[in-house]
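Peer 1: Okay, here's the prediction I keep looking at, along with the sequence it came from:
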Amino acid sequence: MLGEAESAKLAWRPQTMVEVNEGDAATLFKLIDALDDDDDVQTVWGNYEVSDEVMEKLG
Amino acid sequence: MAGHSKFKNIMHRKGAQDKKRSGMFSKLSREITVAAKMGLPDPDMNPRLRAAVNAAKAQSMPKDNIQRSIDKASRGDAENYEEIRYEGFGPGGVSLIIEALTDNRNRTATNVRTAVSKNGGNLGASGSVSHAFDRMGLINYPAGAGDADKVFEAALEAGARSGPRTKRSTKSPRRSSRCSARPRAPSSPGARRPWSR
């Protein structure tokens, strides 16, 4: 029906999301980047929600 | 400004991108090796390996690299990776689940702890975060596969628990559907888990 899937995996889906403000979002992305730079870390899941405006401000 | 030529900027950016890319490949390759080691080294016979190989192909990882990662599993000298899950909190009370594949628990634990605590977060006990998450299957399709209605219908028909969501911010938007994962016993961090990332 949809053709071939791009990927299929087991995920962690948050039951509730947390909206983060600009300051926290900047630190949070730094945190995630720091984890991502570690070759041992495969995936980081989180329940954060960042609004479009904040996303735009952070570039 | 001195030292701020355009070329230098490009060089910097390219360097960062190359680093990102090689980091991504080493993660993908590790997952392939682990998957190949846990079952048959043939993607057609090993669903986890198939998923790992597809993920690598989606990031245009070269075929040779993929094959090498598969072959690595059958050689005796390959590192023994174990799967570890860390749970913690980020700035603003955000919950995080961090999945790792490591051949050295102590190194990874230290690095993860440092990365989290240096950036306004802290690690919690196992189970402190994961109880507020559902373990589910996630199937991604390129946005071109169909419009929201079509994807929703397909998801519904296949028995998905929640419908499509479009992911923004990445280059190509994706639509994804979630299905419920098979039930599994609660596990402690560091227990070997048969599922992939």
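Peer 2: Cool, the structure landed. Numbering: from 1, shown residues only, chains lettered A, B, ... in the order given.
Peer 1: Could you report the neighbour count for B:Gly121?
Peer 2: Neighbourhood size, B:Gly121 [other Cβ atoms under 10 Å in any protein chain shown]: 24. In this view, the C-beta of every residue, glycine as well, is placed from N, C-alpha and C.
Peer 1: now the helices: where do they sit in the chain?
Peer 2: In the absence of a named chain, this looks at chain A. Along chain A, counting by DSSP state H, helices occupy A:22-36, A:52-58.
Peer 1: Chain B is the one I meant
Peer 2: B:6-38, B:47-58, B:63-74, B:105-117, B:148-157.
Peer 1: now, of these, which is deepest in the fold?
Peer 2: For the helices of chain B, average neighbour numbers computed from mean count of other Cβ atoms under 10 Å in any protein chain shown are highest in helix B:47-58, which has a mean of 20.
Peer 1: for the helices of chain B, which one sits closest to chain A?
Peer 2: Among the helices of chain B, the nearest to chain A by Cβ to the nearest Cβ is helix B:105-117 (3.8 Å).
Peer 1: touching chain A at all, that closest one?
Peer 2: Yes: residues of helix B:105-117 are located near chain A by Cβ under 8 Å from any Cβ of the partner chain, namely B:107-108, B:111-112, B:115-116.
Peer 1: got those residues as JSON lines, with pLDDT and distance to B:Gly137 columns?
Peer 2: Formatted as JSON lines, the residues of helix B:105-117 next to chain A follow (pLDDT from 0 to 100; distance: Cβ to Cβ, whole Å):
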{"residue": "B:Arg107", "pLDDT": "96", "distance to B:Gly137": "31"}
{"residue": "B:Thr108", "pLDDT": "97", "distance to B:Gly137": "26"}
{"residue": "B:Asn111", "pLDDT": "96", "distance to B:Gly137": "29"}
{"residue": "B:Val112", "pLDDT": "97", "distance to B:Gly137": "26"}
{"residue": "B:Ala115", "pLDDT": "96", "distance to B:Gly137": "28"}
{"residue": "B:Val116", "pLDDT": "96", "distance to B:Gly137": "27"}
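Peer 1: Since that was my last question, I'll sign off now.
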